[in-house]
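K.L.:
Turn this into a structure:
(chains A and B, ligands or ions: 2)
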Amino acid sequence: MKKTHAELDMDGTGPAVLTPLDRASQWLDDRYNPVFVKEVRQALRGKQFRSAFLFTVIISLIVGVSIVLGGADATQWRPIGPPFFVGVFSCLTIAVIGFVPMAAFSSMGAEWEENTFDMLILSRLRPRHIVHGKLLGAASQALLYFSIFTPYIVFTFLLGGVDLQLVLVSIPLLAVICFALTAFAVGLSSLTSKRAARVGSMIVLAAVLINACFGLIGSMAGLTEMSIDMGSDDTKVLVPLIIVLSIVVAGFSIVIATSRLAHFEENRSSGLRVLTFVSAGMFMTWVTYANSIIVASEFCWLMTMMAIAGVTIVGIFVVSERESMGLRVKNQLPANRLLRTFLLPWLPGGGRGALWLLMTLFMVCMWGAMLSNGSPSGLAAIFTSTPVGVAHVNSGVDMISATVAYALLYLLLPTAVFSNRSNALQRTTLSRGLIPALFVSGLIVPPLLGFVIGDQNLSMGRHPGNPFSVFERIDNGSESGTLVIIMGFTALCLQFARILRGILEVVTAPSAGAMASPVTGVTIERVPSAEVEQSSEQDA
Amino acid sequence: MSTAMTVKSITKRFGDFVAVDRVSFDVHPGQVCGFIGPNGAGKTTTMRIAATLDLPDEGDVSVFGSSVLLEPRLVRQQLGFMPDAYGAYPSTTVEEYLDFFARAYGLRGRERRSALSFVSDFTGLSRLDGKLIDSLSKGMKQRLCLAKTLLHDPGFLILDEPAAGLDPRARVELRELVRALADMGKGVLISSHILSELSTLVDSIAVIESGRIQGAGTVEEILRKLRPHMRVFMRCLADLDRVERALLEQPGVAGVHTERNGLAFDFDGDQRALAELVAHFVSVGLAPIEFAPESVDLEDVFLSLTDGVVA
Ligand SMILES: Nc1ncnc2c1ncn2[C@@H]1O[C@H](COP(=O)(O)OP(=O)(O)O)[C@@H](O)[C@H]1O
Ligand SMILES: [Mg+2]
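P.N.:
Ligands and ions are numbered 1, 2, ... in the order given. Model prediction:
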């Protein structure tokens, strides 16, 4: 058939002389993300986008005109600029934070409903192309909205009374938030193909979007009223935080969507691991930056504890993965031993997940400890606060160590006991469920016991199962969390065999493409189908 | 002969239910293989595994030597899969739909344009380019999906119940398209729960029921396996006794008995041997005037293989 193609080409459109411009546009045309092209075509022809766009244009016109007229009518003169800006900003917010993410959600959902994912997966498109295409499609819609609002923004300046800085910061910030929420919508939409669940996730999305809209419009109204100083410390700390959080939300959503679309035997874990590591690093960079402005040790260790908590939540999924990696991943391992060793913590598998957890937590803790101490001596301090050294350095480092110890205890204990070696899905679900269950029962069982046996300390929640009371006492200096650290360390020791198996699997696997297929007679360790089917619902 | 696709003892379980049980068969290049079995027999499950979309619990499938387990991307480059429930994007024209998939398959510039014009000419969709997909008839949608499947010029095609829901005319047209594809040298695996849909099209069949292969091979092979003895009816002008004696002297003849003024017998041999037997009878002057190897068609094979579950 190749020949036939060529033949047709011969007698088809003849070889016209192409100008460099034609050539450039053709080159570009070939390299567009196909999903993006399709999304734009469908949006422009579809009712949904057209009516949303028309609605926005009309409403913004009405709002703009009525504010100007209202201002002119008013007996008492007030600058029209601020209310005009708030009005226009609200319309723009509703468009780019309400309509755009909703459209992205339904366009992703359409692929499930139209049964087209299989066809996309069979082509050369990778899941990430699909997700990027959806996001680019949404971005082009957002761009259209932003562009129709440009005249209004210019008009705002003509009316006067609005801080230029406010506009210059708020509009790009709106774009960043729009991106994050759109990515969130795509991620949410990728989670489930079941219709009933889709309705549920749509309600969740709507609630998030409505809250975001009101929150943004409300704070914008407040900001213009107060004519806030854009150069204040608060703004300098908050704006970067919003940007970092938006990037983190977008990153996680994209990674989740991408791994949801990937076949379960493919690598669905490394992206999440890298992203979490990078996000934690970005967050800690922000903490460092904020600390340079508002210098506060307490702020540093509190934020470090938050970062640990974030890593722990991702850890629930990573550490509980089945132990062995998928066949298709295994078949792509590089031959180079050094490279393999470097890849170890990033490769799928629960044992390697524990390794990843240790590495990520180590990075966060070291960083946090240094910040909290204000000097690199924190690095030494974190070692001395382990049960080996009894020295009590400061509550910041103790707080961080105790938090890590809790993270290790709750993540590593259940997954060590119920390790998913047999690749049975129930195991993964069990350990994933056990982690929060253990945490909650640690909180509430001792007090109940306390009531029964009449122990004041227990019933008041003063016991190691309650991290908050432990943190409180560490902060008072009345404890250094030694018991918790011992428990965390024990859980870590229990993981030893699992981590070792994880390492061995990578080290001993044949190199890329060298794996024998069962067709040639060599049997390969297989995964029960129960896992195949259901894990596509569960993973990520 | 090298195979286009080899299904090697695949098993697929859904919980405790075994949907596909140690299924094996081959399809050769340039051949159409009919994959036939009642609803729920495991055809779609097998085909999805062969198309890299699902994984078997045991066994493997190779497409032109690449394993679906280990090298799904290599397999996908050489494979076109037309699912039974295929998707069509709303608010999209025929041209845009095909263009999208051509791009998705990484075709660029002239290559893409020639692939597009080839598939739309081949499937006869050229004049529908600007039409919205939603407005197409079932038969046309089916062609569109086939066109999409052919864009990257795969050497092997898997078509899951492509004839389901088509009117008789569209069915005949589909058969012609599939035949033309096989004549181009492509291997085709085509499933159906209705045998008559395929009986004139296929070179070989694999019959599946309750997840098990009941028989696989060329139609002749299966016939022979089912009935190792061909049943033949013969009437001669010569005396019945003489004919019977002559018959029993021949190798491979058994179970001779009288029937309708003639003799019926089981013959253990191929068609050439049978021709020689007739020539011999003529030469010794038995004057055979009626000679009828009992015709067994696919339909009978199918019924006997599937215990008549499907009419
Ligand atoms: N995802 C699934 N979960 C559970 N059972 C399934 C699933 N897919 C198919 N089956 C079962 O496997 C059997 C074979 O299905 P299928 O391959 O679709 O049959 P066919 O295509 O021959 O009609 C059916 O009994 C069906 O109910
Ligand atoms: Mg089917």
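K.L.:
what about the residue in the stretch 201-350 of chain A that ligand 1 sits nearest to, neighbour count?
P.N.:
Proximity of the stretch 201-350 of chain A to ligand 1 (CB to the nearest ligand atom) peaks at A:F264, 13.2 Å away. All C-beta atoms are positioned from the backbone trio N, CA, C, and that covers glycine. Counted by other CB atoms under 10 Å in any protein chain shown, the residues lying close to A:F264 total 20.
K.L.:
What of A:R128?
P.N.:
By other CB under 10 Å, neighbour count at A:R128 equals 16.
K.L.:
Next: B:S117.
P.N.:
Neighbours of B:S117 (other CB under 10 Å): 17.
K.L.:
Next, the buried residues of the helix or strand it falls within.
P.N.:
Taking DSSP states H and E as the criterion, B:S117 maps to helix B:109-122. Within helix B:109-122, the residues that count as buried by 16 or more other CB atoms under 10 Å in any protein chain shown are B:111-120, B:122.
K.L.:
Give me the contact status of it with chain A.
P.N.:
Yes. Helix B:109-122 lies within reach of chain A by CB under 8 Å from any CB of the partner chain, at B:109-115, B:117-118, B:121.
K.L.:
And for stretch B:87-103?
P.N.:
Yes. Using CB under 8 Å from any CB, stretch B:87-103 reaches chain A at B:87-92, B:96, B:100-101, B:103.
K.L.:
Restricting to C-alpha, output that stretch in CSV.
P.N.:
The C-alpha trace of stretch B:87-103 is given here as CSV (Å, rounded to 0.1, in the frame of the first residue of the first chain):
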residue,chain,number,x,y,z
GLY,B,87,-16.0,6.4,18.6
ALA,B,88,-16.9,9.3,16.4
TYR,B,89,-16.3,12.8,17.6
PRO,B,90,-19.3,15.1,17.5
SER,B,91,-19.1,18.3,15.4
THR,B,92,-16.4,16.9,13.2
THR,B,93,-16.4,16.4,9.5
VAL,B,94,-15.2,13.3,7.7
GLU,B,95,-12.2,15.1,6.4
GLU,B,96,-11.3,16.5,9.8
TYR,B,97,-11.7,13.2,11.5
LEU,B,98,-9.4,11.4,9.1
ASP,B,99,-6.9,14.3,9.2
PHE,B,100,-6.9,14.2,13.0
PHE,B,101,-6.0,10.5,13.0
ALA,B,102,-3.5,10.9,10.2
ARG,B,103,-1.7,13.4,12.4
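K.L.:
Show me what it is in contact with.
P.N.:
Under the contact criterion CB atoms under 8 Å, 6 or more residues apart in numbering or on different chains, stretch B:87-103 has outside partners A:30, A:32, A:34, A:37-38, A:41-42, A:45-46, A:110-111, A:114-116, A:119, A:123, B:112, B:115-116, B:119-120, B:125, B:128-134, B:136, B:141, B:144-145, B:147-148, B:151.
K.L.:
pretty sure A:I486 belongs to a helix, no?
P.N.:
Yes. Remark: A:I486 belongs to a helix, assigned using DSSP: H, G, I helix; E, B strand; the rest coil.
K.L.:
follow-up on the earlier one: show me which of the residues of stretch B:87-103 next to chain A are buried.
P.N.:
Buried subset of these (neighbour count, 16+ other CB under 10 Å): B:87-89, B:91-92, B:96, B:100-101, B:103.
K.L.:
okay, the residues you listed in JSON lines with secondary structure and distance to A:S459 next?
P.N.:
Listed next are these as JSON lines, based on DSSP: H, G, I helix; E, B strand; the rest coil; distance: CB to CB, whole Å:
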{"residue": "B:G87", "secondary structure": "coil", "distance to A:S459": "60"}
{"residue": "B:A88", "secondary structure": "coil", "distance to A:S459": "64"}
{"residue": "B:Y89", "secondary structure": "coil", "distance to A:S459": "62"}
{"residue": "B:S91", "secondary structure": "coil", "distance to A:S459": "64"}
{"residue": "B:T92", "secondary structure": "coil", "distance to A:S459": "65"}
{"residue": "B:E96", "secondary structure": "helix", "distance to A:S459": "69"}
{"residue": "B:F100", "secondary structure": "helix", "distance to A:S459": "65"}
{"residue": "B:F101", "secondary structure": "helix", "distance to A:S459": "66"}
{"residue": "B:R103", "secondary structure": "helix", "distance to A:S459": "67"}
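K.L.:
With respect to per-residue confidence, which of those is lowest?
P.N.:
Note: of those, the lowest pLDDT belongs to B:G87, at 73.
K.L.:
How much space separates that one from ligand 1?
P.N.:
17 Å (CB to the nearest ligand atom, to the nearest Å).
K.L.:
and what of B:V20?
P.N.:
Taken as CB to the nearest ligand atom, the span from B:V20 to ligand 1 is 7 Å.
K.L.:
how about low-confidence regions in chain A?
P.N.:
Applying pLDDT under 70 to chain A picks out residues A:1-18, A:71-78, A:226-231, A:373-394, A:422-425, A:511-540.
K.L.:
re the thing from before, would you reformat the buried ones among the residues of stretch B:87-103 next to chain A as JSON lines and include distance to B:S66?
P.N.:
Shown next, in JSON lines, are those (distance: CB to CB, whole Å):
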{"residue": "B:G87", "distance to B:S66": "26"}
{"residue": "B:A88", "distance to B:S66": "29"}
{"residue": "B:Y89", "distance to B:S66": "30"}
{"residue": "B:S91", "distance to B:S66": "37"}
{"residue": "B:T92", "distance to B:S66": "32"}
{"residue": "B:E96", "distance to B:S66": "32"}
{"residue": "B:F100", "distance to B:S66": "26"}
{"residue": "B:F101", "distance to B:S66": "22"}
{"residue": "B:R103", "distance to B:S66": "24"}
